[in-house]
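J.: give me the fold of what follows.
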Amino acid sequence: MILPFARKRDAVAFDIGSNSIKLVQMNQTKKGWELVKMGMAELPPEAIVDGSIIDSMTVTNTLRDLVKEHGVKVKDAVSSLTGHSVIIKKVSFPAMTEDELADSIQWEAEQYIPFPISDVNIDFQILGADTDGRGQMDVMLVAVKKDVINDYTNVIKEAGLNPVVIDVDSFALENMMEINYPVTPGENIAMVNIGASITSISVIMGGLTIFTRSIPMGGNQFTEELQRQLNVSFKDAEDLKLGRKEGERDHDAEQLAISIDSVSTNLTFEVKRSLDFFLGGAQGSYVSKIYLSGGGSKVSGLQNLMQEKTSIPVELINPFKGVEAGGKQFDKDRLKDAASFFGVAVGLATRRFADR
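T.: Modelled structure (predicted):
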């Protein structure tokens, strides 16, 4: 969801998730993209729930502290949204020009939006004419509730920044893929971004996102299951989930594996069901690879399980693969360890003032 402005200039990106805020600033050079700054700060539970900001003061203070800690001087900020307040649909409209659709989009879109049309901001991208010769065209329609946009722009403003672009997570990931994983002509890939409380699934065909779905599952489900089964604190459960802490009792290792496998199986089933739904409605389409991103993608065994259950190759993304990252502050091991968390933020960092 893009705010209209006139010219491009440097910006800093913030991926504001329910568990943490990720900061990335990049410069575009003649050789490509160069990493300038990156950082991450954790948020307390319940500060953001299902993509809605509950504790705006905490989010604002965390943003402000992150900017100060990393010496960010740029004021223009880019961020994004996900969750149930974001509606993304591929729909068919009568063939018309982009200007004509812009003039009529409120009326054309009303039948596809489950909220009052006056409560949402709408954007679109024309994907092309249909292949059946029916005088129709395919359009990617995006609608986001205005009050949610206002909540995010307000915390950014309160942190002393100037929000210039509010994007959508799946489109930010599309941008990240573009600079790191050049698309082979005709290749269709799926992005599965496993956040703390929401997993977003998108299919990218020919470099364009044509299908998205969000499910209310994520890394927190693993943590909560471990808390219940092992009777440990939230922090210890997080460490166990990511393999940073061995079980203190002999039976912990077995119970740990059972608990993680249970949630991984449920999550994988939802991913498979979403992709089957897409493929069932897109005759002749296929998905050649699944890319995993988000903090939840680091859970032990999830990559192999998803590959086994979907029969599709699964790869963990590296959003810094095609990004120049020199200097001591960007140690290779640090970037590798942080990679799964920064997919959305890197994609957002390619956005600029006055982007369409």
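
J.: now do the host helix or strand of Asn304, average pLDDT.
T.: Element membership for Asn304 (DSSP states H and E) is helix 302-310. In this model, helix 302-310 carries a mean pLDDT of 95.

J.: next one: stretch 332-341
T.: The model assigns stretch 332-341 a mean pLDDT of 89.

J.: which residues of the stretch 101-250 of the chain score low on pLDDT?
T.: Where the stretch 101-250 of the chain drops to pLDDT under 70, the residues are 129-133, 244-250.

J.: buried stuff in the following helix or strand past the helix holding Asn304?
T.: Next along the chain after helix 302-310, taking DSSP H and E as the criterion, comes strand 314-316. Neighbour counts over strand 314-316 (16 or more other C-beta atoms under 10 Å) mark Val314 as buried. C-beta: built from backbone N, CA, C; applies to glycine.

J.: tell me which other helices or strands strand 314-316 touches.
T.: With contacts defined as 3 or more C-beta pairs under 8 Å, 6 or more residues apart in numbering; DSSP states H and E, the packing partners of strand 314-316 are strand 289-293, helix 302-310.

J.: out of those, which gets nearest to Leu23?
T.: Between Leu23 and the helices and strands packed on strand 314-316, the tightest spacing by C-beta to C-beta is seen for strand 289-293, at 16.8 Å.

J.: centre of the chain to the closest one, how far?
T.: A distance of 12 Å separates the centroid of the chain from that of strand 289-293, by C-alpha atoms, centre = their mean, to the nearest Å.

J.: what do you get for stretch 264-282?
T.: That offset, for stretch 264-282, works out to 18 Å (C-alpha atoms, centre = their mean).

J.: can you list contacts of it?
T.: With C-beta atoms under 8 Å, 6 or more residues apart in numbering as the test, stretch 264-282 has contacts from 190, 192, 194, 199, 201, 203, 210-211, 213, 215, 217, 221-222, 285-287, 290, 296, 299, 301-302, 305-306, 309-310, 312.

J.: now that stretch: average pLDDT?
T.: pLDDT averaged over stretch 264-282 gives 92.

J.: buried residues in it?
T.: Buried residues in stretch 264-282 (16+ other C-beta under 10 Å): Ser264, Leu267, Thr268, Glu270, Val271, Lys272, Ser274, Leu275, Phe278, Leu279, Ala282.

J.: mind putting those into CSV with distance to Leu230 and secondary structure?
T.: Formatted as CSV, the buried residues of stretch 264-282 follow (distance: C-beta to C-beta, whole Å; DSSP: H, G, I helix; E, B strand; the rest coil):
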residue, distance to Leu230, secondary structure
Ser264, 16, helix
Leu267, 19, helix
Thr268, 22, helix
Glu270, 24, helix
Val271, 26, helix
Lys272, 28, helix
Ser274, 30, helix
Leu275, 32, helix
Phe278, 36, helix
Leu279, 38, helix
Ala282, 42, coil
